[in-house]
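Undergrad: model the structure of this input:
(chains A, B, C and D)
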Number of protein chains: 4
Amino acid sequence: MIIVMKQDATEADVDGVVQYILQEGLRPQLSRGDERNVVAVLGSPAPELKDAMGVLPGVLEIVRISRPYKLASRELKQTDTVITIGDVKIGGDNPPVVMAGPCSVESEKQLIDTARAVKASGAHILRGGAFKPRSSPYSFRGLGLEGLKYLASARDETGLPVITEVLTVKDVDVVYKYADILQIGTRNMQNFILLDDVGKLDKPVMLKRGLSGTIEEWLLAAEYILAQGNSQVIMCERGIRTFETYTRNTLDISAIPAIKKLSHLPVVSDPSHGTGKWYLVAPMVLASVAAGAHGIMVEVHPAPDHAKSDGAQSLTFENFAFLMEQINALSGAVAGIKRPVPAAS
Amino acid sequence: MIIVMKQDATEADVDGVVQYILQEGLRPQLSRGDERNVVAVLGSPAPELKDAMGVLPGVLEIVRISRPYKLASRELKQTDTVITIGDVKIGGDNPPVVMAGPCSVESEKQLIDTARAVKASGAHILRGGAFKPRSSPYSFRGLGLEGLKYLASARDETGLPVITEVLTVKDVDVVYKYADILQIGTRNMQNFILLDDVGKLDKPVMLKRGLSGTIEEWLLAAEYILAQGNSQVIMCERGIRTFETYTRNTLDISAIPAIKKLSHLPVVSDPSHGTGKWYLVAPMVLASVAAGAHGIMVEVHPAPDHAKSDGAQSLTFENFAFLMEQINALSGAVAGIKRPVPAAS
Amino acid sequence: MIIVMKQDATEADVDGVVQYILQEGLRPQLSRGDERNVVAVLGSPAPELKDAMGVLPGVLEIVRISRPYKLASRELKQTDTVITIGDVKIGGDNPPVVMAGPCSVESEKQLIDTARAVKASGAHILRGGAFKPRSSPYSFRGLGLEGLKYLASARDETGLPVITEVLTVKDVDVVYKYADILQIGTRNMQNFILLDDVGKLDKPVMLKRGLSGTIEEWLLAAEYILAQGNSQVIMCERGIRTFETYTRNTLDISAIPAIKKLSHLPVVSDPSHGTGKWYLVAPMVLASVAAGAHGIMVEVHPAPDHAKSDGAQSLTFENFAFLMEQINALSGAVAGIKRPVPAAS
Amino acid sequence: MIIVMKQDATEADVDGVVQYILQEGLRPQLSRGDERNVVAVLGSPAPELKDAMGVLPGVLEIVRISRPYKLASRELKQTDTVITIGDVKIGGDNPPVVMAGPCSVESEKQLIDTARAVKASGAHILRGGAFKPRSSPYSFRGLGLEGLKYLASARDETGLPVITEVLTVKDVDVVYKYADILQIGTRNMQNFILLDDVGKLDKPVMLKRGLSGTIEEWLLAAEYILAQGNSQVIMCERGIRTFETYTRNTLDISAIPAIKKLSHLPVVSDPSHGTGKWYLVAPMVLASVAAGAHGIMVEVHPAPDHAKSDGAQSLTFENFAFLMEQINALSGAVAGIKRPVPAAS
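TA: Got it, this is the predicted structure:
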């Protein structure tokens, strides 16, 4: 931590800062500049000191110099984390994993039909929402337990592992029972109690980036899960909220190489939510693969014009089949031009 | 709902839209324009149709024309909702209510000292966090139940009603037991299960605006609570996330008159979180009062330079006392120049 | 400037940084921390070094510790700048100055009628656009020179000084000839050549904050003008672009006390552009006054429902007259509760 | 245009709207809904009516249904615009064009060395700034005319066409004389006078998206150039301003397929400015190519650790050479999996 002093800070102000640091059991080191003085804090300052010391007389600002996340950082663990679900491997140099399926589980038939179709096209994991977060209380909120059971049937039928969202601590047990991967949705990225709870599980958790989550906050949210002992965390970029309204969100593809630089965790991209428009999904899937995504999540529906949610961003079976061909062609090319990951920072 | 057709949409496309609307039991009305055709949907279309119909051939875009929230809207209820907690009234033409106290309850002494000080200066409600949402798992997360008990003691001691945050459905019962107002924090604005739960209570709920919550989404979140039967909802603007980094968030003061225009619910402002800097708190409190806020929430701490959270944005007792004088002077002037609320829209 | 090294930076990396600093004629000071090392750069590093040194081996990040603006800063000049235009004084402890008038000058009659009306209600300065920046090339772009002449007539008629926008370096001379204050619009905040040019004038310049301008960039834009010798710069907050769409922009009222803290320049608020909705203008004007604005800019039109631009955010004469009463009542109260400006930082 | 009436609008209000429309020479068509009435405006309403009619009694909101840009739209021109500069073709199905070179022209040797290096690696166009927009007046602002001459020498030497920025109308003639493509920078996207001026030239113009420019505003800016008769406009996505600070901007790759959907103009991506970090440039270049970009702009410098601007985001010659191999491999694969552009909307 670096304490930057105001230009007109007095010697007494500087001394006050130095004494404060000593009282906290830390070591101050003063640098006298031409324009202003700075005091480096050596040792491990408690996180709250940044805020608290900011109000001391003569202090202009406080600059943190360590990364606040530890377990999630590549500085701590240099090798890529690879997560295994049955035959599927996510992370490292493995080819991108494709998770596909409807936004909401609407009926057994809808789900099974979709599961068969995406399996036939080459998807690796089945997605489908049983508990749905909806902006309006008057929208369809999912089939709940019934939806989970349909997912289990679809897995039995096709062999595809399933991923589904858990919305609340009350449902962690039941979702754990049916799902192969538990998804934490964008609105729950900082639902810290829920993160604590899934951190105690022995199944993988996919953590979506919050609508306004910075990369640092997102890694700190992963840190919550890791700190409870669950090391199987998959990061999922799904678009952030910006001023642009043509797209539903702005898919931040640079988050993919950024996470790979800062962390050892696998990172997946969700262009369906990232764009909100079906005709933008395919190019953004390909862009994500080219940027190095470890996986892709795509919404697919038998009849998007009758979907109970997210119809506008869902692919038909036919469009999905064509997309899979594109992904396969592209990921082959990408694998051929890969470079060693640059050194950690 | 209005369906806007593409310029090159065919007659068959238009007919497809018309038939779709009829099959849904709704009434289509076609307007043929010079440049393109539009189809108005009369009746009450289900929310998912906006997305689903967007993928029909020839459709350019779908425009919603009704407001998605009902119970929260001033169109439904024209008179201001006033919420009563003991002697305190929030909403309508009542003078602004001041909620003050520490960010976190840190100890019994810290809380009681602060409660006495803010009471002496004229605050109406005591705030204090027992369960704290923190970006990092390594930060102080609050005293929990112990903190709730201290809040109850401080209420007994000073007569001030208390407001405190509930983070998770698991804690709703215990927070309900000790608090006079339950606060839903910014990160939980769209924690819909938690909204459902506090919607079943018979105590007031203060709903903070999400970091990236639009005014419409925020009112829809209030709608969740209202739809469960709890009509005592207080809206709280606490700053939104923007590109500006000098302030912790950007306090959107225009949300105060906007909510008063769109809704009958009371609206409160929290400049401590809205700015993150103690020296910006007083001007932003005064700005909020001038803009018509029904209340103010302010963080106060006996020693901000040793606070366990939010030290940089906490006022000392002395600064708070001076601020109360300013609020009182200003709110008198504001009352004298009030104008009838403009007609609902 | 502080160079933060990676955890795994080698001694050779640290030495490379130290040598680089020495070669630039600056003085390095190394602090060895438990977790990582940092090197403070003493002296006055050139601005480009921040970027350039970021690519040296072993460097994690570079933190700037001096403020990049000098002439605009309160550290350099502690007393408030007061700008005088005829009888009008903007800045310091003077009561808020009100600038009012139509968005666009549409005709001589429209302008004179408006000038008389706002004068009668107590406005101090007449605003009106002769050269209009418009998002679409098909919108009304202003009357140009003819509009400037009408502004001059209105000044002769009413005695009100006039403020009007200059869009391009080609028009600086002609606008200088007719205007009392030249306005740099939000889209030109970083039109550096234009800033250079108005920096050479001996008339005041009002610099609107850019749609996505940070407070620091805005002060740097003012620095361009100041650096050319023109010390009469008025800052104008007019709303920033955020994700919220209910309002046209988000008026960042906290920028008012922030500018007063960081700079000696006067700061004005424009709630018409800040909100885009006439019924939000009055509360946001009052909020700006309460927050300490040195002035207010408001759009007024004889018939907003027939305005050639910005009708939705323009006040009628009657609404403006009432607003002036409110401003006067409020600014009296605000003056009575003023506190000394907190020490510079 | 659609006028949405308030629920409590009276018959007189509705009639007022209808009469207003008739007086403007347009045709109203009323749809009576269960919840509220709407009035469609048939004909071609002037742009200012949207704002002006919003203040009529009983009006809730106005919804525009036509696209405000015409010449830039794919509805008007269905076939892709291809721009030819010497042997280079940008747009349509041509392989992506690579523009590379230093941020600023710093010296003749620096530029020639870079030009030779990027040419040897396969770049098609040389970039380099002679007039530099800089946030601070104390930063290096470019060599000006001297820089333009070095660009011309480098073109003579290598055969590469050159692209360089024009900052102001004063420099349009001189930049036109030396450049093959004139670049309008992000801060000038809405410098409408400058757009008018380059719209009168017979050389291609590359229009960077503004920091906070929506896709619609960006296309309207292109419309300014097109409306003056210059049909050779290249769109360039270079990152937008969001809350994320890890990257310098957020590169909105979805803008690439969005522009291709909405417009016939070619679209290029600039990951150097989009990310601000050299190690994110390569993955974002590849992502842009996979998303269908017609071109790529990349900053390359002989010694990024001594660059006078943008050192942190510049590639070394060696890194650029490797990137060119990756681009070539990828664009082959992308060409093989292309699909017909979806129908215009």
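Undergrad: where exactly do the helices run in the stretch 51-200 of chain A?
TA: In the stretch 51-200 of chain A, the helices defined using DSSP state H, counting those that start in this stretch lie at A:108-121, A:145-158, A:172-178, A:192-198.
Undergrad: residues contacting the first one, please?
TA: Counting contacts by C-beta atoms under 8 Å, 6 or more residues apart in numbering or on different chains, the residues outside helix A:108-121 that touch it are A:98, A:100-102, A:105, A:126, A:128, A:150-151, A:153-154, A:157-160, A:300-302, A:317, A:320-321, A:324. The C-beta positions use only the backbone N, C-alpha and C, and glycine is treated the same way.
Undergrad: buried ones in it, by neighbour count?
TA: Within helix A:108-121, the residues scored as buried using 16 or more other C-beta atoms under 10 Å in any protein chain shown are A:110-111, A:113-115, A:117-119, A:121.
Undergrad: what's the closest of the residues you listed to chain B?
TA: A:Q110 (13.6 Å; C-beta to the nearest C-beta).
Undergrad: which non-adjacent residue is nearest A:S288?
TA: Computed as C-beta to C-beta, 6 or more residues apart in numbering or on different chains, the closest residue to A:S288 that is not its neighbour in sequence is A:S269, at 3.6 Å.
Undergrad: over to A:I125?
TA: Counting by C-beta to C-beta, 6+ apart, the residue nearest A:I125 is A:M99, at 4.2 Å.
Undergrad: repeat for A:M235
TA: The shortest distance from A:M235 to any residue other than its chain neighbours is 4.4 Å, reached at A:V267 (C-beta to C-beta, 6+ apart).
Undergrad: do the same with A:D202
TA: Counting by C-beta to C-beta, 6+ apart, the residue nearest A:D202 is A:N230, at 7.1 Å.
Undergrad: residues touching the one you found, list them.
TA: Here A:N230 is in contact with A:198-202, A:205 (C-beta under 8 Å, 6+ apart).
Undergrad: stretch A:19-29 - what's its average pLDDT?
TA: When pLDDT is averaged over stretch A:19-29, the result is 93.
Undergrad: give me the buried positions along that stretch.
TA: A:20-21, A:24, A:26, A:28-29.
Undergrad: give me the number of residues near the residue lying closest to A:I2 once chain neighbours are set aside?
TA: Distance criterion C-beta to C-beta, 6+ apart; nearest residue to A:I2, sequence neighbours excluded, is A:V63 at 4.4 Å. Neighbourhood size, A:V63 [other C-beta atoms under 10 Å in any protein chain shown]: 18.
Undergrad: do the one 4 residues further on as well
TA: When neighbours are counted by other C-beta under 10 Å, A:R67 registers 20.
Undergrad: isn't it up against A:R74?
TA: No: in this structure A:R67 lies outside contact range of A:R74 using C-beta atoms under 8 Å: 9.9 Å.
Undergrad: show me whatever sits in contact with both of those two.
TA: What both A:R67 and A:R74 touch, as defined by C-beta under 8 Å, 6+ apart, is the set A:L262.
Undergrad: which ones are touching A:T79?
TA: A:H264.
Undergrad: try A:I125
TA: Residues near A:I125 by C-beta under 8 Å, 6+ apart: A:85, A:88, A:97-100, A:160-163, A:180-181.
Undergrad: and the gap between the residue nearest to A:M235 and chain C?
TA: 21 Å (C-beta to the nearest C-beta, to the nearest Å).
Undergrad: count of neighbours near that residue?
TA: Neighbour tally, A:V267, other C-beta under 10 Å: 24.
Undergrad: nearest residue to A:T81 in space, please, no chain neighbours.
TA: Leaving aside its chain neighbours, A:T81 sits nearest to A:H264 (4.8 Å; criterion: C-beta to C-beta, 6+ apart).
Undergrad: so that neighbour sits against A:V82, correct?
TA: No: applying C-beta under 8 Å, one finds A:H264 not in contact with A:V82, separated by 9.6 Å.
Undergrad: what about these two, which has more around it?
TA: With neighbours defined as other C-beta under 10 Å, A:H264 and A:V82 compare such that A:H264 has more, 23 against 15.
Undergrad: ok, now which ones touch the closest residue to A:V41 other than its chain neighbours?
TA: Leaving aside its sequence neighbours, A:V41 sits nearest to A:M1 (C-beta to C-beta, 6+ apart; 4.2 Å). Contact analysis of A:M1 by C-beta under 8 Å, 6+ apart lists A:40-41, A:45, A:49-50, A:62-66.
Undergrad: check A:G276 too.
TA: A:247-249, A:312-313.
Undergrad: dump those residues into CSV; add pLDDT, neighbour count and distance to chain B as well.
TA: Output for these, formatted as CSV (pLDDT from 0 to 100; neighbours: other C-beta atoms under 10 Å in any protein chain shown; distance: C-beta to the nearest C-beta, whole Å):
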residue, pLDDT, neighbour count, distance to chain B
A:T247, 97, 22, 13
A:R248, 96, 20, 10
A:N249, 97, 21, 10
A:A312, 92, 26, 4
A:Q313, 94, 29, 8
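Undergrad: for chain D, state which of those is nearest.
TA: For these, the nearest to chain D is A:T247 (5.3 Å; C-beta to the nearest C-beta).
Undergrad: residues in contact with the closest one?
TA: So A:T247 contacts A:239, A:274-277, A:280, D:254, D:258 (C-beta under 8 Å, 6+ apart).
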